[in-house]
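Student: How does the following fold in three dimensions:
(chains A and B)
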Amino acid sequence: MFELSFIWAGIIAFAVLTYVILDGFDLGVGILFPLAGSEREKATMMNSIAPIWDGNETWLVLGGGGLFAVFPLAYAVIMPALYMPIILMLLALIFRGVAFEYRWRTERWKPVWDAAFFGGSLIAAFMQGIALGALVQGIKVVDRAYAGGWWDWLSLFSILTGLAVVVGYALLGATWVILKTEGSLQRQMQNRAWWLGAGTLGFIGIVSILTPFQDPDYFSRWFNLPGSIFSVVMPGAMLGAAWALFSGLKTGKDGQPFLAAICIFVLCFIGIGISFYPNIVPPGLTIAEAAAPDKSLRFALVGTVVLVPMILAYTAYAYWVFRGKIDPAEGYH
Amino acid sequence: MFDGMTAETLARIQFAFTVSFHIIFPAFSIGVASYLAVLNGLWLGTRDQTYLTLFNYWKKIFAVAFGMGVVSGIVMSYQFGTNWSVFSDKTGPVLGPLMAYEVLSAFFLEAGFLGIMLFGRERVGDKLHMFATAMVAFGTLMSATWILSVNSWMQTPAGYSMNELGQFVPEDWWQIVFNPSFPYRLVHMVLAAYLTTALVVGGVGGLHLLRDAKDAPARRMFSMAMWMLIIVAPLQILAGDFHGINTLEHQPAKVMAMEGHYDSHPDGAPLILFGIPNAEEKRVDYAIQIPKLSSLILKHHWDAPIDGLDTIPDADEPPVAIVFWSFRVMVGLGFAMLGLGAWSVLRRLKGRLYEDRWLQRAAIAMGPTGFVAVLAGWVTTEVGRQPFTVYGVLRTGDSLAPVAAPAVAASLLAFIIVYFFVFGAGTFYLLRMMNKPAGTVHLGLKDGPIRTAGTTPIMQTDPDAIPGE
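Tutor: This next block holds a predicted model:
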């Protein structure tokens, strides 16, 4: 029988991964937005995510709210430690979120909201990557509180992970647009996805090589048994996903590149999990230490077990309702 | 700009600023979501075009307001940690699960069905579309329920014990969720949201009636709003009275500040209508007061003794002037709403509801007052429970995150600039949409993003096209 705190670590990890994949592709569409040549292509790209972005972003709220609920200590040290990137991410999400409605309400200011959509998506992605990098590098905790300064999150490594997430989200976005469109926009994204795929894999390679040197624990986890098995398996799986991505692009498949890009993200996420475990906040705060009392975990778990499958079902239904290729000539004019 | 302020003061200003902006949007969207469900139900039941016209009109306004509520709400879910991390660590075991339930049972529901409600009528059919509309409305109410439970627990904590780490540990979830002030606060807030919406709808209806008294959708929305007002305003005043008596029982210092009672009144306290609280001298200057009325209202007896702030240690007192004034703004507006509702009833009885120009002008003037009253009410209850975050147990000064003052000052400045820019623009777009008659097919330049993705010819038509137009 597993400890409740480990079940919860799994649920939170699932929520964060779901967020990264879902908002990842819609932030990626925002990052690629300036590449759209015409108003028609802009409308197509935005409309491909307009009915679903709100639900996608709710997983971010679940990640934050869930952490507060079941790992309050982790929430209480991560948020002050990553104060600036988190605040900047939130402000960026405001700009790109309102752009969905605002850009249709004005002609004169449309370029402003288009820029807000692009800039907000880009900065939000970059800050998420920086937050990840800073977390990997470790957060200094003394007496149940963050004990570092307010610029500690900034390092070459965190900037590198920031760029990696931007390029990775752009890959997810490009493959999503391939799935949802036809014609010249789809062809353009197929070309971009080649470069974005190569860039993503390059960043993954560099970050993977550097990560074991951020903390001796990471090193021993990856290069001693049983962890070293993963050191063989993970790159192999990554090669498989990369092959699926590029062969899907080459043969002009609609869905395969998107699924392959998701696989790449899942593998990265598993890799981070292997590095962190059993910590929730490296270098020293464990899952068990950060967990709320069992009464809290149990109460929250009852509802989660019932509600999350329902959420997944009606979210899937909403995606299904708006399935198929986007036709910009259709709809609301 | 913020020189000399402590990190605590800055963090408090930042939370007050962001939460005040945020509450404006849910206060409106809770009401509009329910209104949309009613309009859609009436359209399906009667097939009266006016209801569909109104549904399509308000749903576009709802979409913009809801978007602003979502993005300003995400900020809130992270601010507990970024600025109040010690509070988060200590209260997380009790409050965290309630907030998680809000996300799971409300936010996902709203987000999941919003797209279908806004753009899916043709794709899923009337029945499922009605279901989606009802789910969005239900989601907004669920959200209010959970977050008000959280806030109420901070005001009247119950069902917990403390562990050796200084954390609040849940003992009885029923007592935590249904803590003593929760039912009152929930009813008061939901009614406030409905009132706010009724006033906005009434103001918009009044505006278009003023321009064209024959405008059928304007007549319908004005009439509905005025009915809502005369039903909800008295209920709200009643609910407010109950809430006040509950507060007197659990947070007497807050009521003392609201009433301006610096001194105890052993044989009947006066109701101070107006005056200027003087914190230094601990008295209300230039007070205009009605003897014994406060005792009658609070204890339902002329001569009931009422304690004053002289019974509370100075270190545990809330700031009096802010609470005193915000309370009077809220109550004053509440009675003005009742007055508007009563006026509309008189006109309706004479059959002149749509002809009285001054009633329409008054409705326009009262349009935004729901928001003012909501903000004033929240200022009253939040400032009134200072200097505690968990009332009587955890002090605001002991809840703060270890973030340096310059970092908080920078983020506060950024929030102020971004919020005024982004939500200022949004408010401008909302007002511009409301300025157009409900029958307008294209409210904005275009009616919104094309959110459907079908390829069959029937999907080529505007899903919201109004037949006959």
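
Student: Okay, buried residues for stretch B:401-415 please.
Tutor: Residues B:A401, B:P402, B:V403, B:A405, B:A407, B:V408, B:A409, B:A410, B:S411, B:L412, B:A414, B:F415 are the ones in stretch B:401-415 that count as buried (16 or more other C-beta atoms under 10 Å in any protein chain shown). From N, CA and C alone the C-beta is placed, and that goes for glycine too.

Student: can I assume the first one sits in a strand?
Tutor: What that stands for is B:A401. No - going by DSSP: H, G, I helix; E, B strand; the rest coil, the assignment for B:A401 is coil, not a strand.

Student: Not counting its neighbours along the chain, what's nearest it?
Tutor: Nearest residue to B:A401 in three dimensions, chain neighbours excluded: B:S85, at 3.8 Å (C-beta to C-beta, 6 or more residues apart in numbering or on different chains).

Student: pretty sure the one you found is touching A:P80, no?
Tutor: Yes - using C-beta atoms under 8 Å, B:S85 makes contact with A:P80 at a distance of 5.0 Å.

Student: Common neighbours of the two, please.
Tutor: Taking C-beta atoms under 8 Å, 6 or more residues apart in numbering or on different chains as the criterion, B:S85 and A:P80 both touch A:A145, A:Y146, B:A401, B:P402.

Student: what's the neighbour count on the residue nearest to B:A401?
Tutor: By other C-beta atoms under 10 Å in any protein chain shown, the residues close to B:S85 number 29.

Student: Equivalent analysis for A:S208, please.
Tutor: Neighbour tally, A:S208, other C-beta under 10 Å: 17.

Student: residues contacting the closest residue to A:K110 other than its chain neighbours?
Tutor: The shortest distance from A:K110 to any non-neighbouring residue, by C-beta to C-beta, 6+ apart, is to A:R103 (5.4 Å). Contacts of A:R103 were listed using C-beta under 8 Å, 6+ apart, and they are A:M46, A:K110, A:W113, A:D114, A:F117.

Student: what's the pLDDT at the second one?
Tutor: At A:K110 the predicted local distance difference test score is 89.

Student: Name the helix or strand for residue 267, please.
Tutor: In the absence of a named chain, this looks at chain A. In this assignment (DSSP states H and E), A:L267 forms part of helix A:256-276.

Student: Flag the shaky bits of chain A, pLDDT-wise.
Tutor: A:1-2, A:327-333 (pLDDT under 70).

Student: could you pull out the strands for it?
Tutor: Along chain A, counting by DSSP state E, strands occupy A:141-142, A:145-146, A:279-281, A:285-286.

Student: Which phi and psi values does B:I306 adopt?
Tutor: With angles defined as degrees, to the nearest 10, B:I306 sits at phi -130, psi 130.

Student: oh sorry, the question was meant for B:G275
Tutor: With angles defined as degrees, to the nearest 10, B:G275 sits at phi 160, psi 180.

Student: From chain A, how far off is it?
Tutor: Separation of B:G275 from chain A (C-beta to the nearest C-beta, to the nearest Å) stands at 41 Å.

Student: got the contact list for that residue?
Tutor: B:G260, B:V284, B:D285, B:Y286, B:A287, B:I288, B:Q289.

Student: before we move on, back to that, winner for burial among the strands of chain A?
Tutor: Stretch with highest mean neighbour count among the strands of chain A: strand A:279-281 (a mean of 22; mean count of other C-beta atoms under 10 Å in any protein chain shown).

Student: what about that strand and chain B, any contact?
Tutor: No - Strand A:279-281 lies out of reach of chain B by C-beta under 8 Å from any C-beta of the partner chain, never closer than 12.3 Å.

Student: got the contact list for that strand?
Tutor: Outside of strand A:279-281, the residues within contact range by C-beta under 8 Å, 6+ apart are A:A9, A:F71, A:A74, A:V77, A:I78, A:L135, A:I139, A:V141, A:L285, A:T286, A:I287, A:A290.

Student: cool, and stretch B:102-114?
Tutor: Identification of contacts with stretch B:102-114 by C-beta under 8 Å, 6+ apart yields A:54-55, A:57-58, A:61-62, A:65-66, A:303-304, A:307-308, A:311, A:314-315, A:317-318, B:63, B:66, B:70, B:77, B:131-133, B:135-136, B:138-140, B:142-143, B:145-147, B:150.

Student: Quick one: end-to-end length of that stretch, please.
Tutor: End-to-end distance of stretch B:102-114 (C-alpha to C-alpha, to the nearest Å): 17 Å.

Student: chain center to it, what's the gap?
Tutor: Here the centre of stretch B:102-114 is set off from its chain's centre by 19 Å, with C-alpha atoms, centre = their mean, to the nearest Å.

Student: Enumerate every residue touching residue 234.
Tutor: You didn't say which chain, so I picked chain A. Counted by C-beta under 8 Å, 6+ apart, A:M234 has contacts A:L267, A:I270, A:G271, A:I274.

Student: Let me rephrase: I mean chain B.
Tutor: Contacts for B:P234 (C-beta under 8 Å, 6+ apart) come out as B:L338, B:G341.
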